[in-house]
Every structure is written in C-alpha cells, then in structure tokens.
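>>> Turn this into a model:
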Amino acid sequence: MSTFQHIKPAGKAQFKDRYTTKAAELLTPWKEGKKGDIAIIGAPLSKPSISHSGASFAPDAIRRCLNSFTTYNIERGTDLADDSKTIIDFGDITMHPTSIEESHQRIYESVKEATNTNAAAFTIILGGDHSITTSTVKAIKETKGTVGIIQFDAHHDLRNTEDGGPTNGTPFRRLIEEGHIKGEHLIQIGIRNYANAKAYHDYAIEQGVTVYTMKDVRQQSITELINHALNQLQDNVDTIYLSVDMDVLDQAYAPGCPAIGPGGMHPDTLTEAIQVALKHPKVHTMDIVEIDPTLDIRDMTSRIASLLIINSLI
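Take a look at the predicted model:
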C-alpha cells in the first residue's frame, strides 16, 4: 500500500491537519511496565439490563468519540499533547456469551489484574450497564482497601435480587449485602422523582446511605456538595470510587441512556462535580455506565463520556 500516492489502509484515509492533535491520539495500548496519566478498561456487558440495552457497544463508541475533540484547552491555554499526557488502554474484557455470573467474575478478575499493574494513578472503567459496578468495586476493595462511593445516578440501584437476579438495578444492594461496602460509605447524587420505589429509598435510609436528590443539586453549589461528600468519606475509607450512571443527566443531553428521563443534571454540573472530586488524593477509580450507542443521537451521550475522560487528564 505504501507504493500508492493517495491510497491508505482501510479506515485511515482521513484528513489530517498538521497543527491539530485529536484526543484519541493520546491512547496507548498497555504493555508490561508502561505507565500513563490515566488508564481505561472496557467492560462491555449489557445482558443483565432490566430493559433492552446495547450498552455493550459503549466502550468502542466512547473511544471513537475521542476523535471528536482536540487536546487543546482554550480556557486554560494548555495542550495535553504538549504536556505528553497519556491514556493507557487495557482494551476490553471478553464476556461470556451466555453466563452473566461468569461475565461478572471476569470483570472482577480483570479489573483486579489491571489495577495491580499500577499503570496509572487513576483508572476509568467503561461499561456496560451498571451491573458491572459490583464486580469492579469488589476488585478495588481487594487492591486498595475500604471503598467509599460517590454515585451519580437518577436511580438508587438498590433493587432486590430475588425478582431478577444481579441486574443493572442491583449493584449497590449487592455490594452492601455481600459486605463489600458499608451503607454509610455510599453517597448518591442526582436521585430523581418518580424514578424509584419507596421501598428502595427506605432501604437506603435504613442502611445509612446519603441521598442527594436533584432538588438538592439545583439548590446547592455542586462544588460544596462534592466537597462535603469527600469530607464525609475521607477519614473512613482507603479509596474513593466515582460511579457515573449517565442517566443522571437530563434526557435532553443524554438520549443514549436506556432509562432517560426529564429533570436531570446538566453536563456542566456533572463535569464540575467530577473535576472537584478528582482533586482529592483518595479518588482513584471511576466507572462510566449506561450508554446505549444504538439509541444515541449523533453520539451525544458518548461524546459527554469522552469529554469526562479528557477532563480527567487536567
């Protein structure tokens, strides 16, 4: 192919501006001993979703959308490429074709292995649906110690497991009941009206879970709210985990979520919340879940997720 003047390998015949670096160019496949500023790993599982979901396609879509952004931050006057920022990409975890339990086990084992490489100080797991979080938090607990969680979500995700097994509505219930976290170490932000059953809100309160509704988010400074959450956790846990269910966003901004709804958060609010949290030395891990690219409109939701990754490098 190199003998042709204008022919390039399939998928590579793209315009290239000599002055522009795309964020996707910061991705570096993991190799033994390789270090980066942050790391990503895909957990493409959506079979346990209560509703129809193609969230298994999200890791690829989020990576692809990194090509929608450059590395230059005009407000800060900084360029991630000039600063030699690197995203270590562990790739995607292979899921079992039929067994949800085996897939969850593979996620647990893979996240534990990736974390033990110490390839980066901050790791982002790309779901997948929210059922992956039980496995990822279990892995983080065994590698980093006691886990505190700040969950951005419209839903409690504290459903019982008797009715449907380990679905995407049960991850935090399972974490509490299996003893991987304490209820008082879980802080939920963005919980919405008419999106949960009373029984699960009651369970959250009984277990000591801190719940901030969207009314709380609207009426308080998100910076103050996040700082309060961090202060609440920092002396009681070894590591803080951010769990970002993209349906915390209003449906106007996240049409690619299986459980969209009105009355949600603005992307700028979510971005600010995560930026504040990332300044804390105990924040080491984040997941981004519940994006279905087959439902998305022009990758609107996946683009927000990609931007969250880029902002993690600042």
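>>> beta partners of the residue positioned nearest the centre of the chain?
Here the mean C-alpha position of the chain is nearest to the C-alpha of Ile288 (C-alpha atoms, centre = their mean), at a distance of 1.7 Å. Assessed by DSSP bridges, Ile288 has beta-bridge partners Leu126, Val244.
>>> does it really touch Leu126, like I thought?
Yes: Ile288 lies in contact with Leu126 (C-beta atoms under 8 Å); the separation is 5.7 Å. Just so you know, the C-beta spots here come from the backbone N, C-alpha and C atoms, and that holds for glycine as well.
>>> any common contacting residues for those two?
Common contacts of Ile288 and Leu126 (C-beta atoms under 8 Å, 6 or more residues apart in numbering): Ile62, Ala305.
>>> Please tell me how far Val276 sits from Phe122.
Distance of Val276 to Phe122, given as C-beta to C-beta, to the nearest Å: 14 Å.
>>> again, but for Thr28
Relative to Phe122, Thr28 is positioned 15 Å away (C-beta to C-beta).
>>> Thr28 in helix, strand or coil?
Secondary structure assignment for Thr28 (DSSP: H, G, I helix; E, B strand; the rest coil): strand.
>>> That one: neighbour count?
By other C-beta atoms under 10 Å, the residues close to Thr28 number 15.
>>> distance of it from Arg18?
Per C-beta to C-beta, Thr28 is found 22 Å from Arg18.
>>> repeat for Asp250
Going from Asp250 to Arg18 by C-beta to C-beta gives 39 Å.
>>> Same drill for the two, tell me which one is more crowded.
For Asp250 versus Arg18, neighbours defined as other C-beta under 10 Å are more numerous around Asp250 (19 against 4).
>>> Give me the pLDDT value at that one.
Predicted confidence (pLDDT) for Asp250: 98.
>>> do Phe4 as well
88.
>>> you'd agree it is in a helix?
No: Phe4 is assigned coil when assessed by three-state DSSP, not a helix.
>>> What number of residues are in the vicinity of it?
7.
>>> And Val137, by the same measure?
By other C-beta under 10 Å, the residues close to Val137 number 27.
>>> Okay, strands next: where are they in this protein?
All strands of the chain, identified by DSSP state E, fall at 27-29, 38-43, 72-73, 78-79, 87-92, 122-127, 147-152, 186-191, 210-213, 239-245, 283-289.
>>> got those strands as a markdown table, with distance to Lys8 and mean pLDDT columns?
Output for the strands of the chain, formatted as a markdown table (distance: least, C-beta to C-beta, whole Å; pLDDT from 0 to 100):
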| stretch | distance to Lys8 | mean pLDDT |
| --- | --- | --- |
| strand 27-29 | 19 | 97 |
| strand 38-43 | 27 | 98 |
| strand 72-73 | 25 | 98 |
| strand 78-79 | 26 | 96 |
| strand 87-92 | 23 | 98 |
| strand 122-127 | 28 | 98 |
| strand 147-152 | 41 | 98 |
| strand 186-191 | 44 | 98 |
| strand 210-213 | 50 | 98 |
| strand 239-245 | 36 | 98 |
| strand 283-289 | 32 | 98 |
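>>> I'd like those strands as TSV, with distance to Glu178 appended.
Formatted as TSV, the strands of the chain follow (distance: least, C-beta to C-beta, whole Å):
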stretch	distance to Glu178
strand 27-29	34
strand 38-43	19
strand 72-73	41
strand 78-79	43
strand 87-92	25
strand 122-127	19
strand 147-152	12
strand 186-191	13
strand 210-213	20
strand 239-245	16
strand 283-289	18
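>>> okay, how far is it across stretch 10-20, tip to tip?
One end of stretch 10-20 sits 22 Å from the other (C-alpha to C-alpha, to the nearest Å).
>>> Would you mark the buried spots in it?
Judged by neighbour count using 16 or more other C-beta atoms under 10 Å, stretch 10-20 contains no buried positions.
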